[in-house]
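Asker: Sharing a model that was predicted from the sequence below.
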Amino acid sequence: MKEKKHKVLFVCLGNICRSPAAEGIFRHKVESRGLADRFEIDSAGTYGGHAGELPDARMRAAASHRGYTLTHRSRKLTDDDFLHFDMVVVMDDSNYERSSRIAPDRESQNKLYRMTDFRRKYVWDHIPDPYYEGAEGFELVLDLLEDCLEGLLEHLCPTEIQG
């Protein structure tokens, strides 16, 4: 019997910093553990003004220094995403509220999670938007995402990760 894939969508505002970084880091984590065939991973934004663009060059550079390649093209979150994905993981409360309004029904809203629901060591309650920050803002986001995404992977694949 073929195991069901985990379908995970990461969401931020413009889909050019945090959510494509989450997508790239998570993809790297599952591939490095030989779990890629068990996942479908994507990202989107609640705002469509950057549609078709690569992630922010500063985020791509910071991610590249850690061994991550970010090639996603920005797109806007749609109500169909809630029908397709099992989990819609947002970066902050504003993304949560906007995504909740896009969700077509209550069952779809129940697929919403905050990235920090899966944090392990950091006490942040959101993933801050680094767009108007300097290089240290992008590094902080990557630190927080690495921590939370390890927690998400442990949540979804506890036996493969812990034992």
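Answerer: Nice, thanks for sending it over. Numbers count the residues shown, from 1 in each chain.

Asker: for the residue nearest the centre of the chain, helix, strand, or coil?
Answerer: The centroid of the chain falls nearest to residue 10 when counting by Cα atoms, centre = their mean (3.1 Å). For residue 10, the assignment made with DSSP: H, G, I helix; E, B strand; the rest coil gives strand.

Asker: what about it, distance to residue 41?
Answerer: 8 Å (Cβ to Cβ, to the nearest Å). Placement of C-beta: from N, CA and C, glycine included.

Asker: before we move on, what about residue 97?
Answerer: 23 Å.

Asker: More neighbours: these two, which one.
Answerer: More crowded of residue 97 and residue 41, by other Cβ atoms under 10 Å: residue 41, with 22 against 12.

Asker: contacting residues around the more buried one?
Answerer: 8, 9, 10, 23, 26, 27, 30 (Cβ atoms under 8 Å, 6 or more residues apart in numbering).

Asker: For this protein, give me the ranges with low pLDDT.
Answerer: Scanning the chain for pLDDT under 70 picks out 1-2, 162-163.

Asker: now with 50?
Answerer: Applying pLDDT under 50 to the chain picks out residues 163.

Asker: In it, what residue spans correspond to strands?
Answerer: 6-12, 39-45, 87-90, 112-114 (DSSP state E).

Asker: Pull out the C-alpha coordinates of the third one and format them as PDB.
Answerer: I take that to be strand 87-90. The C-alpha trace of strand 87-90 is given here as PDB (Å, rounded to 0.1, in the frame of the first residue of the first chain):
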ATOM      1  CA  MET A  87      -1.400  22.000   5.900                       C
ATOM      2  CA  VAL A  88      -1.200  25.700   5.200                       C
ATOM      3  CA  VAL A  89       1.600  27.000   7.400                       C
ATOM      4  CA  VAL A  90       1.800  30.800   7.900                       C
END
